[in-house]
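In: Starting from these lines, generate the structure:
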Amino acid sequence: MKEQKIGAGVPVGDRGGGDPLERQVINIMEQGVLVWGPDGRCLMFNARVYPMLEIGVDTLNHDTMRADFRARSVARGDISQASLELSERAIAAHQPYSFDRTLPSGRVVLTTGRPMRGGGTVVTLTDVTEARRVQQELARAKAESDAAEQRTLDILAQERIRRTEGRLLGQLNEWLQSCKSLDELYMVVERFMRVLLPGSKGELYIYSNSRDVLDGMVKWNTRDLHPNITADSCWALRRGRSYEYDEDGLCLSCDHVTGHHHGVAVREYICVPIVAHGDTVGLLHARFDTDSPGSARLGDKGAFAIRCGEHISMAIANARLRDELRDQSIRDPLTGLYNRRYFMDAIHRELSISSRRGSRFGLISFDADRFKTFNDNHGHDAGDLVLRGIGARMHDILTAGEIGCRYGGEEFMVLVPAADLGETVALAERLRDSVSDLQVRHLDSILPKVTISCGAAAYPECGTDIGDLLRRADEALYAAKQAGRNAVAVPPNGTPPPAAIPPPGTG
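Out: Numbering: from 1, shown residues only. The predicted structure follows:
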């Protein structure tokens, strides 16, 4: 073999002679060309190899072995270990290969190897620095475009969710505001919460009248409704704001949750205080059993649960206000019994129903015996206590749908649906007997015994219109007074069977 000087004085190994014109053409190529023989020794390389790979003659010459050359490239960081192993497998299989090498200057050179028919490999080296930079910029631009598009899709999805939530909340609010009673409101909450928080299970608790416990009123997708819970069993009620529990976070579980054996892990839940006019009236609890089929995760549903709680709070406040206003309009403030106006409406309704169906109903008219003398001797405060006591006994006795009324002063009325005269008299006797056992304390002393006189009438035995029935009941009351008071009487032509009137003192 002989060495020749070609081009700009760069030695080109030539182990087989060759045409000088061909060598000149190879030397002026923009690509670097490097030929490895079957034995792994360098057969030839052109002038572009040195500047292309940023190396000198000490790194590559006609005696260089491919293994040594590659080992130096790996040590310098030009070739990654992965690229080295890939190309070695291709060479062994007599297959082409290609990889990028990054030089110390930052330039990127595409290295492509192709097997020769008689063995060995022809390697071409192409500077692709600019192409790779453009590719990276395009990839970066595409990634940014994809990210922007995804953000837009996320925003649209969130907007759709917000619109759906807003629509559902609007429907919930419309139904809640249309409820005539708290019972109807609780039914609406149960139906809607299944849709508003899909995959959740929950309960609604409302403070009892005594404010010592919260009674379980509503449940959805669960059987785990406590009859009642205490306020200190919930962190939301103790802290006065909504509380989200996540077992992976810095959280403590509420006692009203751990007190249930749900059968699955309760890993996430939210408790939302129900606040009406600044007063906490209840608790909304929604949990997410992530081990259950079809379960959901709390995620951003916590904020939506809080909004649901706000709507429910407002509806409960309005319902309670309506109930309070209605009670004020139909109830006597002293005894809690219905007032005269409500009672007259109730009689008209009952008369209409009974006339259509051919059914019966009874009336009881009674008052406190010698009540004016009682007031004169003990004062009106003591008289009010007596009236309250009579009202309390009526609340205790009238438990089967009867309607009790303070008709005026010390006068009371009772409407007894679906009762004949005998059954009406029996109820009047129970009232008389209960009031006669009443003890009223006033100013550290027990007031004298209170008794009542009752008159009973019934539809249609004693009359077929309201005026007749009220007049006959009053006639019976006067008869009871004339009989010595603390008695039950019926109109002269309306005497029930003897067995229907229990002896005095029985209840």
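In: low pLDDT regions in the stretch 251-400 of the chain?
Out: 261-265, 289-300 (pLDDT under 70).
In: at 50 instead, please
Out: Along the stretch 251-400 of the chain, the model assigns pLDDT under 50 to residues 292-296.
In: With the chain instead?
Out: In the chain, residues with pLDDT under 50: 1-11, 13-17, 292-296, 497-507.
In: can you list the domains in it?
Out: Residue ranges for the domains of the chain, per automatic domain parsing: 4-127, 175-329, 331-500.
In: Out of those, flag the one nearest residue 155.
Out: domain 175-329 (13.7 Å; Cβ to Cβ). C-beta here means a position set from N, CA and C on the backbone, and glycine is covered the same way.
In: The spatially most central residue of the chain: what's it in contact with?
Out: Nearest residue to the geometric centre of the chain (Cα atoms, centre = their mean): residue 305, 4.0 Å. Residue 305 makes contact with 197, 242, 270, 272, 284, 286, according to Cβ atoms under 8 Å, 6 or more residues apart in numbering.
In: Give me the subset of those lying in strands.
Out: 270, 272, 284, 286 (DSSP state E).
In: could the residues you listed go into JSON lines alongside distance to residue 330?
Out: Listed next are these as JSON lines, based on distance: Cβ to Cβ, whole Å:
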{"residue": "270", "distance to residue 330": "39"}
{"residue": "272", "distance to residue 330": "33"}
{"residue": "284", "distance to residue 330": "31"}
{"residue": "286", "distance to residue 330": "36"}
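In: how about the strands of the stretch 301-450 of the chain, start to end?
Out: Per DSSP state E, counting those that start in this stretch, the stretch 301-450 of the chain carries strands over the ranges 361-368, 403-408, 411-417, 441-442, 445-446.
In: and the fourth one, what does it pack onto?
Out: If contacts are counted by 3 or more Cβ pairs under 8 Å, 6 or more residues apart in numbering; DSSP states H and E, strand 441-442 sits against helix 380-397.
In: what's next to the helix it packs on, contact-wise?
Out: Counting by Cβ under 8 Å, 6+ apart, residues outside helix 380-397 touching it are 332, 334-337, 368, 371, 374-375, 404, 406, 410, 412, 414, 427, 430-431, 434-435, 438, 440-443, 447, 450, 452.
In: let's see it at 7 Å
Out: Helix 380-397 is contacted by residues 334-337, 368, 371, 374-375, 404, 406, 410, 412, 430-431, 434-435, 438, 440, 442, 447, 450 when judged by Cβ atoms under 7 Å, 6 or more residues apart in numbering.
In: related to what we said a few turns ago, distance to residue 148 for the domains of the chain - can I get that in CSV?
Out: Converted to CSV, the domains of the chain look like this (distance: least, Cβ to Cβ, whole Å):
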stretch, distance to residue 148
domain 4-127, 28
domain 175-329, 22
domain 331-500, 64
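In: just to revisit the earlier point, most tightly surrounded among the strands of the stretch 301-450 of the chain?
Out: strand 361-368 (a mean of 26; mean count of other Cβ atoms under 10 Å).
In: ok, and what's touching that one?
Out: 350, 354, 386, 390, 410-419, 421, 423-424, 427-428, 431, 450, 452-459, 469, 473-474, 477.
In: can you give me how far that strand is from the chain middle?
Out: 50 Å (Cα atoms, centre = their mean, to the nearest Å).
In: what's near enough to touch residue 402?
Out: Going by Cβ under 7 Å, 6+ apart, the list of residues near residue 402 reads 414, 415, 416.
In: did I read that right, residue 454 in a helix?
Out: No: using DSSP: H, G, I helix; E, B strand; the rest coil, the secondary structure at residue 454 is strand, not a helix.
In: Quick check: the gap between it and residue 139.
Out: 96 Å (Cβ to Cβ, to the nearest Å).
In: Over to residue 250?
Out: Taking Cβ to Cβ, one finds residue 250 at 41 Å from residue 139.
In: Repeat that for residue 275.
Out: Taking Cβ to Cβ, one finds residue 275 at 53 Å from residue 139.
In: which of these two has more neighbours?
Out: Using other Cβ atoms under 10 Å, the more surrounded residue of residue 275 and residue 139 is residue 275, with 18 against 10.
In: so which strand or helix has the more buried one?
Out: strand 268-276 (DSSP states H and E).
In: for residue 69, what are its contacts?
Out: Taking Cβ under 7 Å, 6+ apart as the test, what residue 69 contacts is residue 60.
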